[in-house]
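dropping a prediction and its sequence here:
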Amino acid sequence: MKRFAVVVVFVVACSSPGAPGAKRPAPAAPATQLVEPAQDEPPSSAEAVRHLIDAGKLHVDRLTRAFPELPVATDGHINAFGACLRPTDEVTDVLRQRVVAWMDRETPDEVHDTAPEDLEMTVGCLERTGIIVDVHADRTKRATQKQVGHWWILRVGDGRIDRIAEHTGIAQADFSGAAKSTTLDTFLLADLDRDNLLDVIAKREDTLGGNAAGHAIAVFGSRGKTTGFAPIGTVGTLELAPAQSAEGRGTVVALMHPPDDKPARYGCITEAGYAEACTTAASAKRHDQAVEAAQRLASLDPATTIEGLPDRDELDGMLATLGVRPPARAPLLALVMPTPGLRRVTREIQGLVARHRPEDDQPLAAALRTELGDTPCAGTAADSPAVRAWLKLRPRARAAIVKTVCATPRGAYVEARWVEGPDDFPRSIGALVWVAVGAALPTIIGEAADLNVETPASADTVTFATYRRGAAAIAMVVVQGKRLVAAADGAIVGSVPPGGMRSDKAMSLYRGSDVVMHEAGDGMSWWHATETALVKVGEVRKLTVRMPAATTPVMKRVIERERRELGWQALVEADEALLADDEDHRENVLRALDLAGADPMLRAEIERAKPAASR
């Protein structure tokens, strides 16, 4: 039997895959040889695992030494990059008293709800310009005894207190299930403009129904320069990426974990504000991916069998992420099992899905409006006395927002949002109504309410589009994403869903146009209103190759685009075991590949790798 020796050599490029720039290369891995005595049989499971664990440990050590430790703020302190002189407890007590006195001067119509020593406050670093202080306070209006919430970011200096940023809204004590709430604080202090003074990176967080609904970041420079808040999407957690430049000077890399299972995102924060597309963030992402790969190898259980180790393709990808050059990978790859064909196909599909970006259908929506002959109805934004008079008849209606959105010689569509009901159980209501010329009261086209909400209904409670078609003013109203009502000059001409159609799937205006998309069952349908009826202008069923009927050429293009997207959605469910054993699953995946317009070679690989019995 042929004898051979296992020689593992680690050769890594001089620059770490995660280093944010050539000026700060990560220490290269030492040229390390792990030589086993010649033997008559391939390495055992224990030997293979030991080699992989040793490889992982080498890279973990190299990567974790490449960057300084991240700053970690203790309770009561704002996180800060770089040198930071913290105030003593005595100085903090004086700051708290000054802030309470300042709040009383700035909001004389309110009283503080707690003792000064209980004020929710965090402090930054003592500098020659003062100290940054984050403050949250729920205060009570003297006249109405209603609580309001204040969030301030302040700079407290000798003899003065300056506002950096602020938000006033629902008191934190009133944050509830359906309420929309906003908080504001300092994410980090860092010297972004390199003037040896710390700049404020502020974070604003919106929640709705207890769930994150949006985040934004702004930079407030130490010399007064501000960027304004830039939305960064909905984030589950926001933290510093492990790979940072020295003490955060110039650029800070933020790591954002979405609230769902989507991949983490990285973004750069500079004195110019937030940017997601930047080389520093991309380098930080590669560094974290390398650390994750190294830690996975280093943490392997020594008792793991060969079957439990990464397969050859997976290990090759991990080593590439670690910066190991191909010649140095070969000895390690020889220690693990080859990758089964269907597993390779499944990974290729998963990679395609992860990289796929939906097509922009805004141009199609605009073309569809033109093809249907609809003209957007320009709103006047004027108030409506008739709607105001009607609201006076509603029980305890208040905080009303009224705006005319489509005016014609026959009448007007008016958007109204208000709050009504008792203070201890308010209802937030949104509606689109029609006010005919000479009519005393409006006609409700669509209305929806949220319970126990103290602010007027949000824009997603009732959404609508108004347009002209001939002489008629048409309205398409989507109520809470579950019901569609169409009207012409205030008269209802149709609704979706009709009898028997499911209503628990989402309906939405197609890119803000006068077409509504309804997702139900195993497909989607598009609806449009004329002067006399609500008609279906297109429909697509998931994984159906047959081209459904459509009324317009542009609608056919819309459906083709949606069929491709449905194919991509179906590919998310591709599964190695089911591809091997389930003929229906295999056919669905093949059909989805065709719909998505994926590489035909994938179909050939599936056909080649499927069990012989099913060929």
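Received, thanks. What you see is a predicted model, and the numbers here were worked out from it, not measured in a lab.

quick one: neighbours of residue 244, just the number.
Residues near residue 244, counting by other CB atoms under 10 Å, number 24. C-beta: built from backbone N, CA, C; applies to glycine.

likewise the one 5 residues further on?
Using other CB under 10 Å, residue 249 has 16 neighbouring residues.

roughly how far apart are it and residue 286?
21 Å (CB to CB, to the nearest Å).

do residue 98 as well
Here residue 98 is placed at a distance of 46 Å from residue 286 (CB to CB).

and for residue 453?
If you measure residue 453 against residue 286 using CB to CB, the figure is 44 Å.

these two: who's more crowded?
Taking neighbours as other CB under 10 Å, residue 453 and residue 286 compare with residue 453 leading, 23 against 19.

just the element for the more buried one, please.
Following DSSP states H and E, one finds residue 453 outside all helices and strands.

quick check: the gap between it and residue 479.
Taking CB to CB, one finds residue 453 at 16 Å from residue 479.

cool, residue 290 as well?
50 Å.

grab the nearest non-local neighbour of residue 350.
residue 574 (7.2 Å; CB to CB, 6 or more residues apart in numbering).

likewise residue 85?
Leaving aside its sequence neighbours, residue 85 sits nearest to residue 126 (CB to CB, 6+ apart; 4.5 Å).

tell me the spacing between the one you found and residue 314.
For residue 126, the distance to residue 314 - CB to CB - is 51 Å.

more neighbours: which of those two?
Each of residue 126 and residue 314 has its neighbours counted (other CB under 10 Å); residue 314 has more, 17 against 14.

secondary structure class for the more buried one?
Recorded secondary structure, residue 314: helix (DSSP: H, G, I helix; E, B strand; the rest coil).

between residue 290 and residue 479, which one's more packed in?
More crowded of residue 290 and residue 479, by other CB under 10 Å: residue 290, with 25 against 21.

contacts only, for residue 73.
Neighbour list for residue 73: 79, 80, 122 [criterion: CB atoms under 8 Å, 6 or more residues apart in numbering].

what's the distance between the closest residue to the second one other than its chain neighbours and residue 339?
Spelled out, it's residue 80. Using CB to CB, 6+ apart and skipping residues adjacent in sequence, the residue nearest residue 80 is residue 189, 4.0 Å away. Distance of residue 189 to residue 339, computed by CB to CB: 48 Å.

name every strand pairing with the host helix or strand of residue 540 and say which way it goes.
For residue 540, the host element (DSSP H and E) is strand 534-541. If you go by DSSP bridges, strand 534-541 pairs up with strand 523-529 (antiparallel).

tell me the buried residues in the partner strand?
Neighbour counts using 16 or more other CB atoms under 10 Å place 523, 524, 525, 526, 527, 528, 529 of strand 523-529 among the buried residues.

list the contacts of the last one.
This means residue 529. With CB under 8 Å, 6+ apart, residue 529 has these contacts: 469, 474, 475, 476, 486, 487, 488, 493, 494, 514, 535.

can you name the residues in contact with the helix or strand the second one falls within?
Put plainly, it is residue 474. If you go by DSSP H and E, residue 474 is part of strand 472-479. Strand 472-479 is touched from outside by 374, 377, 406, 408, 410-411, 413, 432, 434, 445-448, 461-468, 484-489, 507-509, 514-516, 527-531, with contacts defined as CB under 8 Å, 6+ apart.

what about the strands in the stretch 1-150 of the chain?
Secondary structure of the stretch 1-150 of the chain by DSSP state E, counting those that start in this stretch: the strands cover 7-10, 32-35, 110-112, 120-123, 131-141, 147-157.

quick one: end-to-end distance for stretch 62-70.
Taking CA to CA, to the nearest Å, stretch 62-70 runs 17 Å from one end to the other.

buried residues, that stretch. List them.
Across stretch 62-70, burial judged by 16+ other CB under 10 Å covers 62, 63, 66, 67.
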